[in-house]
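Asker: This is the structure alone, sequence omitted:
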């Protein structure tokens, strides 16, 4: 995920700088780029292409019974809440609320580059490595991930 961000934004920012901000190794980033794609990523890409093809062919919304039936015929389950049930989106809404209250509402950005760099640093340096999260037993996500990969 962290290297994917660097790869996706290498046209906007220097790779060396994006690796340095969150403390990533430049050589590890280039080694990651040289690795073949994992089976999971390949399967996710294949499913995404299939879902988009179904969606555009039917020109419907994911909430329509026709799209649900089409997905079911391909062995897929549409991940959507029922009407009035907002739980699917709650984690992202919480994250964006935190981002706004802790960072962007207190800043005036003059350029898009300045905003992107600030948000990148907030997420990769502070939010993932320094900020304690109550849902993770009050430890930072990077530490939580490290502890759970070892265990």
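Answerer: Received, thanks. Computed from a prediction, not measured in an experiment: that's the story for all the values here.

Asker: Residue 124: neighbouring residues, count only.
Answerer: By the criterion of other CB atoms under 10 Å, residue 124 has 20 neighbours. For glycine as for every other residue, the C-beta is placed from the backbone atoms N, C-alpha and C.

Asker: residues contacting it?
Answerer: For residue 124, the contacting residues are 2, 5, 21, 22, by CB atoms under 8 Å, 6 or more residues apart in numbering.

Asker: Same check on residue 142?
Answerer: Residue 142 neighbours (CB under 8 Å, 6+ apart): 128, 129.

Asker: Phi and psi next, for it.
Answerer: phi -60, psi -40 (degrees, to the nearest 10).

Asker: element containing the residue nearest to residue 18 when sequence neighbours are not counted, please.
Answerer: Nearest residue to residue 18 in three dimensions, chain neighbours excluded: residue 6, at 4.6 Å (CB to CB, 6 or more residues apart in numbering). Assigned by DSSP states H and E, residue 6 falls within helix 2-8.

Asker: Tell me which helix or strand comes right after that helix.
Answerer: Counting by DSSP H and E, what follows helix 2-8 is helix 15-20.

Asker: quick one: average pLDDT of that following helix?
Answerer: Computed over helix 15-20, the mean pLDDT rounds to 79.

Asker: roughly how far is that helix from the heart of the chain?
Answerer: From the chain centre to the centre of helix 15-20 is a distance of 19 Å (CA atoms, centre = their mean, to the nearest Å).

Asker: Stretch 22-42 now?
Answerer: 16 Å.

Asker: Would you mind naming the residues that bridge with residue 139?
Answerer: As for beta bridges, residue 139 partners with residue 133 under DSSP bridges.

Asker: Now tabulate the contacts of residue 124 in a markdown table and tack on distance to residue 47 and neighbour count.
Answerer: Converted to a markdown table, these look like this (distance: CB to CB, whole Å; neighbours: other CB atoms under 10 Å):
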| residue | distance to residue 47 | neighbour count |
| --- | --- | --- |
| 2 | 23 | 18 |
| 5 | 22 | 15 |
| 21 | 32 | 14 |
| 22 | 29 | 18 |
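
Asker: Quick check: which helices or strands does the helix holding residue 6 pack against?
Answerer: Under the contact definition 3 or more CB pairs under 8 Å, 6 or more residues apart in numbering; DSSP states H and E, helix 2-8 sits against helix 15-20, helix 26-34.
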